[in-house]
Every structure is written in structure tokens, then in C-alpha cells.
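Participant: I would like the atomic coordinates for the input below:
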Amino acid sequence: MFETWNKYGAKSAIVFAGGIILIGIFQIMISIDVAMWERLGISVLFILIISGFMYGYYKLITFLVKHLSSR
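Facilitator: Model (predicted):
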């Protein structure tokens, strides 16, 4: 089970996170009426927050799969 997660789950999670981040950046760049540098800063902050959540989610799922498959 853990090998399957490593092979497919992690890759799909990374692709999903990348897509969400790109969509979020695009939406932020369009919706904010401020200077370009401020848009870029807000976009970078958004990237960091989403990446942190996805990394934590990946670590949680990896831990659960490892823990449950060892029983």
C-alpha cells in the first residue's frame, strides 16, 4: 500500500498543488488593484502558505499510510 502511495499519490498531490498554486497566482494578479510589486509580494505569500499546507498534508498522509500499513 505504501509503495502505491509513493508511486501515484505523491505525484498526483504535487501536480494538484502546483495547479492550485498557479490558479491562485493568476486570480490574485487579476483581482488586486495595486502596484505590480505588491501583487507579486502577495502572490509569493500565497504560494508559501499553500505550499506549507500541501507539504503538511503530504507528510500527514505519508505518516498515516505508513502507520496503517505496518499493522
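Participant: can you give me how far the helix ranked longest in the chain is from the chain middle?
Facilitator: In the chain, assigned by DSSP state H, the helix with the most residues is helix 36-69. Taking C-alpha atoms, centre = their mean, to the nearest Å, one finds helix 36-69 lying 4 Å from the centre of the chain it belongs to.
Participant: and it, average pLDDT?
Facilitator: Helix 36-69 carries an average pLDDT of 80.
Participant: please apply the same query to stretch 19-32.
Facilitator: Stretch 19-32 comes out at a mean pLDDT of 74.
Participant: can you give me the buried ones in stretch 40-48?
Facilitator: For stretch 40-48, a neighbour-count test (16 or more other C-beta atoms under 10 Å) marks residue 43 as buried. The C-beta positions use only the backbone N, C-alpha and C, and glycine is treated the same way.
Participant: any residues touching it, and which ones?
Facilitator: When contacts are defined by C-beta atoms under 8 Å, 6 or more residues apart in numbering, stretch 40-48 is touched by residues 21, 24-25, 28-29, 32.
Participant: how does it look with 10 Å?
Facilitator: By C-beta atoms under 10 Å, 6 or more residues apart in numbering, the surrounding residues in contact with stretch 40-48 are 21-22, 24-29, 32, 34-35.
Participant: just the buried residues of those residues.
Facilitator: Buried among the contacts of stretch 40-48 by 16+ other C-beta under 10 Å: 21, 25, 28.
Participant: output the contacts of stretch 40-48 in CSV; the columns should cover distance to residue 55 and secondary structure.
Facilitator: Below are those laid out as CSV (distance: C-beta to C-beta, whole Å; DSSP: H, G, I helix; E, B strand; the rest coil):
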residue, distance to residue 55, secondary structure
21, 12, helix
22, 17, helix
24, 16, helix
25, 18, helix
26, 22, helix
27, 21, helix
28, 20, helix
29, 23, helix
32, 26, coil
34, 28, coil
35, 30, coil
